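1. any chance you could fold what I've pasted below:
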Amino acid sequence: MTAPSAPEAVRLARARLTRIVEPGWEVAGRWLREYGPVETVRRIDEAEEGRDGPPSLPGVRAERWAGLVARARAAPPPERDLARVAERGARFVCPGDAEWPGQLDDLGDERPVGLWVRGGAGLRLWALRSVAVVGARACTDYGVRMGASLGAGLAERGWVVVSGGAYGVDAAAHRGALGASGATVAVLACGVDRVYPRGHTQLIDRIAEQGLVVAELPPGDHPTPNRFILRNRVIAALTRGTVVVEAAYRSGALGTARWALRLGRHAMGVPGPVTSGVSSGVHELLRKEGVLVTDAAEVIELIGDMGELAPERRGPVLPCDLLPPATARVLAALPARGTHTVANISREAEASADDTIGRLYELRSLGFVEREGDGWQLTRQANSPVFPDGGAP
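-> From the prediction side, this is the model:
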């Protein structure tokens, strides 16, 4: 049975609209909801033919309408765009197609008109078990390590890693997933047949071979600062949650986390040094709605299915932790230096002299204490620091 898909006229209309309207424009979203893509394109094309009068569609100023008409006049036929991306092994996916991820509909009138997709995997199925890993472009070595570790750890556990293909944390997350032979999706702020930044040509090509490259913009279109911001809503909507690794107060990665919260998704942050400006935005996120995570297991515990719990975290078990409580009290009663008599030890341990003597011989057999004349003292083993730095907790 052939998978259901949108009617060809609807597909062509939506592909044409990606040339005419900017991503995430709510007014265009209302047109599509109220009139449908075919009628929306027909009204714009009628104006293109030179008919005078006010805008044929509501909610837009005359100046903006004139700009839309001019863009429509300059746009190539949608059939040419579809053929162009097909040559690159890509396709156009829109609402009504079996591959369309239903969670994008949570964006309401800001949902994409359609998506240009490069790669062989099915976007809808991959998006069902996906998580976004985003962060600073100018990140530190710590950010690179954490991004790669999260990407690899999530991929090894069968999760799809979604990011923006940028320098820094994004690239580290993609490479981590690829290195683990896992699945990853790059959501671009330009045409699916372009690479930005140019230095990531090999990375994007590898993602297209092993994963998916996705874009709202038509083939050949270039990125702008505003398009990067709008792209973040798609990353947030596609995934079950967003993890931010290093982000300053003014960071696009934080915008992705805010979109995740707005859409009812999980927003998570990886803490960094409190003195690091590149982690200041993450810490602000964690002070408010965000959840602190440190590895892939903790991410999955939050966004995964019931029972996918992270392992319990605890420090190393020391030999003295295994002592019975009464014996541990006798051990604690001995000073770090020098010897104590049985009378002094029993008083400190709140035990009888006979019981204290028995406990001391038990501790001696375990190598914790030794007898010195009439007194008892700790051995070198018992005097070793409990904490790695030798300090108090």
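2. quick check: longest helix of this protein.
-> When the chain is parsed with DSSP state H, its longest helix is helix 26-48.
3. surely residue 210 meets residue 180?
-> No - at 10.7 Å, residue 210 and residue 180 do not qualify as touching, with contact defined as C-beta atoms under 8 Å. Yep, even glycine has a C-beta here, placed from its N, CA and C like the rest.
4. before we move on, back to that, tell me the mean pLDDT for the longest helix of the chain?
-> On average, the pLDDT along helix 26-48 is 93.
5. and the next element down the chain from it?
-> Where DSSP states H and E defines the elements, the next helix or strand beyond helix 26-48 is helix 62-74.
6. give me the residues contacting that next one.
-> For helix 62-74, the surrounding residues in contact (C-beta atoms under 8 Å, 6 or more residues apart in numbering) are 16, 19, 20, 21, 44, 45, 47, 48, 54, 55, 57, 60.
7. turn these into TSV, columns for neighbour count and distance to residue 107.
-> Below are those laid out as TSV (neighbours: other C-beta atoms under 10 Å; distance: C-beta to C-beta, whole Å):
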residue	neighbour count	distance to residue 107
16	25	21
19	20	20
20	23	19
21	20	15
44	25	22
45	16	26
47	20	27
48	18	28
54	10	29
55	17	24
57	19	20
60	18	20
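8. ok, of the residues you listed, which one's closest to residue 85?
-> Taking C-beta to C-beta as the measure, residue 19 is the one of the contacts of helix 62-74 closest to residue 85, at 12.8 Å.
9. which residue packs closest to that closest one, ignoring adjacent ones?
-> residue 75 (3.8 Å; C-beta to C-beta, 6 or more residues apart in numbering).
10. pull the contacting residues for that neighbour.
-> Per C-beta under 8 Å, 6+ apart, neighbours of residue 75: 16, 19, 20.
11. in helices, which of the residues you listed fall?
-> Per DSSP H, helices hold the following members of the contacts of residue 75: 16, 19, 20.
12. any idea how far the last one is from residue 69?
-> Distance of residue 20 to residue 69, given as C-beta to C-beta, to the nearest Å: 9 Å.
13. please apply the same query to the second one.
-> From residue 19 over to residue 69 the distance is 12 Å, taken as C-beta to C-beta.
14. can you list the ones in helices among the contacts of residue 75 in TSV and add pLDDT and distance to residue 247?
-> Output for the ones in helices among the contacts of residue 75, formatted as TSV (pLDDT from 0 to 100; distance: C-beta to C-beta, whole Å):
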residue	pLDDT	distance to residue 247
16	97	36
19	97	33
20	97	33
